[in-house]
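Asks: The sequence and its predicted three-dimensional model are supplied below.
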Amino acid sequence: MKDAFCSESGESREAHAILYLQEVLAQIFLNLEKWDLATAARVCRAWTDVALDLLWEHLEAVRPIMALLGTDWENSPSGDWSRFQSYIKRIRSLSYFTKRQTQDDAIITERIAIPALAELLRYTAVNGGQYLLPRLRKIDWSWDHDDQLRMIMLFISPQIKDIKLVPMAFVTPEGIVRALRSLGGVLHSGLRSFYIEPQQVSFGDGDSSTAIRRLLEKQDDLQELRVPFLPMNPFMFKPKLEVLDIQCPFESTIEIERLLSQLVQSCPLLINLQILLYAETNLDPTIDFQTIRPLLQCTRLQTLEVEWRGNFELNSKDICEMGDAWAELEILHLASRNYANGPQDDGTRGMPLNFLSTFAINLPRLRKLGVHVSTQEIPLVKPQPFPNLEVFCPGTSFLERSRDKVLEAFAFFSAILPKGAELLLCELDFPIDSDWMPSVFKRWSLYQSDMNLKTWGILNTLLSEGVTEEVLDELGTQESNVWDLSPNVGEWAHPGEDWDPSLIAW
């Protein structure tokens, strides 16, 4: 830093005027790491405020706030309150994690000790009940016991726009309901996003829905609502809503159509919709495109994920209608991801594979696609390739465990998927009827204990690494008399000739 203010001879010189412009400094400092910002804050008074604003803007823990109360803040907090005020006014975003893992895999336990909490409460009382973090706009709160969420009330401000709550293993449904009721009583209008991400927690539908209803009553500016453990209800349909993640229990598909019709009429700006459908009766009916047809009115839709354990029927006309309505659609999932709870399949159920070409033609912007397909008949004509697809998820689709079938599937998918695209295997390690399911396209711990998943896994390996005898041996069968492998080059070949993709299927 010294070199910036001194000539080559070592004589001091006046800094260029541009280095005093806060707007310019802010753009430069945006490229600095935390430690560099701390250094910049000590260079001169002109830089201090700009550097500190950026350094304190987004806090990933509450410890820096607590440290302002003194070195022994956990047992005997006593801070310089003028200094305290000068720092906390800069905070715009705050994260709290009861336990978090550092980059070197160390586990840090972060709790606000009672003495420190009492001192903060005293501070707000002495200062006329003013908000502790008056400019806070975003809060991310993860906790593992009921009493820890009550502390979030201390940090809520009138400017809060985004709230994310992550209850962990030991949080009770009753504790969450109490917290939602408390939040509903203190939140001001103007909330932009509200998200509860359950982690190994079950919820009581009735009380939770009532608490959420109260919380959302004044929030007409809400743009993002993610409450995937709760059933869809019209009180959630806010006019500016763009993102909705929800469940939809039903006894008949007519109920789904009715709710979706209300949704599209109330939320014309919707761009991202994730729904977990589940039947409240023992019989899981087949769902066809008519059930979700109301969503064609959402012309801005970019993401649509419909999780359903039963069969989802589509035809080529349906796909063409999707293309006409959803010109900007990039992510589409209409399938079950859990094999144990998905439709029973022997390869005959599901959408014909040649319909994938129809998707490629009518929805060229697709980057991620998940549908249930039938692999009984693999097309022998060259398919229309996807121009932009990165991930294809076959859901619970069945793939016969034979060398012939896997090699035919390899020929088809290697032609229709762009280079570098992958098959996403998606059996999760918890059942589909649990309270919360993440997006099928998110990375979660997967396992391939089922033979069908192993077959798809072998196909995925072939697509990414090429065909080798070692990989094919994992199928556990040598029944094929159609294909052989060149022992010299490790590539496909008909007996006696070099491998040519055109000889495989088209």
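Replies: On my side now, so go ahead.
Asks: What are the phi and psi values at the nearest residue to residue 378 once chain neighbours are set aside?
Replies: Nearest in space to residue 378, with sequence neighbours left out and distances taken as Cβ to Cβ, 6 or more residues apart in numbering, is residue 408 at 4.5 Å. Placement of C-beta: from N, CA and C, glycine included. The phi and psi values for residue 408, taken as degrees, to the nearest 10, are phi -70, psi -40.
Asks: residues near residue 408, how many?
Replies: Neighbourhood size, residue 408 [other Cβ atoms under 10 Å]: 21.
Asks: Verify the contact between it and residue 376 for me.
Replies: No: assessed by Cβ atoms under 8 Å, residue 408 is found out of contact with residue 376, at 11.0 Å.
Asks: Give me the common contacts of these two.
Replies: Common neighbours of residue 408 and residue 376, using Cβ atoms under 8 Å, 6 or more residues apart in numbering, do not exist here.
Asks: Report the buried residues of the helix or strand that residue 360 is a member of.
Replies: For residue 360, the host element (DSSP states H and E) is helix 355-362. Within helix 355-362, the residues scored as buried using 16 or more other Cβ atoms under 10 Å are 355, 356, 357, 358, 359, 360, 362.
Asks: For the helix or strand following that helix, which helices and strands make contact with it?
Replies: Under the assignment DSSP H and E, the closest C-terminal helix or strand after helix 355-362 is strand 368-371. Here strand 368-371 touches strand 331-335, helix 355-362, strand 391-393, going by 3 or more Cβ pairs under 8 Å, 6 or more residues apart in numbering; DSSP states H and E.
Asks: try it again with 7 Å
Replies: Here strand 368-371 touches strand 331-335, strand 391-393, going by 3 or more Cβ pairs under 7 Å, 6 or more residues apart in numbering; DSSP states H and E.
Asks: Which residue ranges of the stretch 201-350 of the chain form strands?
Replies: For the stretch 201-350 of the chain, applying DSSP state E, counting those that start in this stretch gives strands covering 224-231, 243-250, 272-279, 287-288, 303-307, 312-313, 331-335.
Asks: so residue 392 bridges to which residues?
Replies: Bridge pairing for residue 392 (DSSP bridges) gives the partners residue 369, residue 423.
Asks: Isn't it up against residue 418?
Replies: No: Residue 392 is beyond contact range of residue 418, at 10.3 Å (criterion: Cβ atoms under 7 Å).
Asks: Looking at these two, which one has more neighbours?
Replies: Between residue 392 and residue 418, counted using other Cβ under 10 Å, residue 392 has the larger neighbour count: 23 against 12.
Asks: ok, and residue 470, which helix or strand is that part of?
Replies: Using DSSP H and E, residue 470 sits in helix 469-472.
Asks: Kindly export stretch 380-393 (C-alpha atoms) in PDB.
Replies: C-alpha atoms of stretch 380-393 as PDB (Å, rounded to 0.1, in the frame of the first residue of the first chain):
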ATOM      1  CA  LEU A 380     -33.500 -47.400 -34.800                       C
ATOM      2  CA  VAL A 381     -33.500 -44.000 -36.500                       C
ATOM      3  CA  LYS A 382     -31.100 -41.200 -35.700                       C
ATOM      4  CA  PRO A 383     -32.700 -38.900 -33.100                       C
ATOM      5  CA  GLN A 384     -32.900 -35.100 -33.100                       C
ATOM      6  CA  PRO A 385     -30.100 -34.100 -30.600                       C
ATOM      7  CA  PHE A 386     -30.700 -31.700 -27.800                       C
ATOM      8  CA  PRO A 387     -28.700 -28.500 -28.500                       C
ATOM      9  CA  ASN A 388     -28.200 -27.400 -24.800                       C
ATOM     10  CA  LEU A 389     -29.100 -30.300 -22.500                       C
ATOM     11  CA  GLU A 390     -26.700 -30.900 -19.700                       C
ATOM     12  CA  VAL A 391     -28.500 -33.500 -17.600                       C
ATOM     13  CA  PHE A 392     -31.100 -36.200 -18.300                       C
ATOM     14  CA  CYS A 393     -32.800 -37.900 -15.400                       C
END
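Asks: out of the helices and strands packed on strand 368-371, deepest packed?
Replies: Ranked by mean neighbour count, those are led by strand 331-335 with a mean of 24 (mean count of other Cβ atoms under 10 Å).
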